[in-house]
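[1] Okay, structure incoming, though there's no sequence with it:
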């Protein structure tokens, strides 16, 4: 069994939230506590590390119960 993170959907949701707040990459990244380059890469679909994942979820208002929606389990 393997867990796969849906980085594409997470990226869309984070970018949507940032645009909804009408924030630049730099402003949002500063609030989140990451570099604007990291935020840009994540919005382009790069998988965040665990610390960054939780920072992004907190900033975006994604509750802990909703984080698992970005994961799927693959059974070989």
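    Thanks, I have the structure now. Every value quoted in this text rests on a predicted model; they were computed, and no experiment measured them. Numbers count the residues shown, from 1 in each chain.

[2] correct me, but residue 33 touches residue 55?
    Yes: with contact defined as Cβ atoms under 8 Å, residue 33 and residue 55 form a contacting pair (5.6 Å). Where you see a C-beta, it was placed from the backbone N, CA and C, and this is true even at glycine.

[3] out of the two, which sits in the busier spot?
    residue 55 (17 against 13; other Cβ atoms under 10 Å).

[4] Excluding covalently adjacent residues, which one is nearest to that one?
    residue 32 (5.1 Å; Cβ to Cβ, 6 or more residues apart in numbering).

[5] Residue 39 is in contact with residue 27, isn't it?
    No: using Cβ under 8 Å, residue 39 makes no contact with residue 27, being 10.0 Å away.

[6] More neighbours: those two, which one.
    It is residue 39, of residue 39 and residue 27, that has more neighbours when counted by other Cβ under 10 Å, with 25 against 14.

[7] Relative to residue 4, how far out is that one?
    22 Å (Cβ to Cβ, to the nearest Å).

[8] Also residue 60?
    Relative to residue 4, and taking Cβ to Cβ, residue 60 is found at 21 Å.

[9] These two: which has the busier surroundings?
    Comparing residue 60 with residue 4 by other Cβ under 10 Å, the one with more neighbours is residue 60, at 19 against 11.

[10] Centre of the chain to the longest helix along the chain, how far?
    Counting by DSSP state H, the longest helix found in the chain is helix 7-20. On the basis of Cα atoms, centre = their mean, to the nearest Å, helix 7-20 is displaced by 7 Å from the centre of the chain it belongs to.
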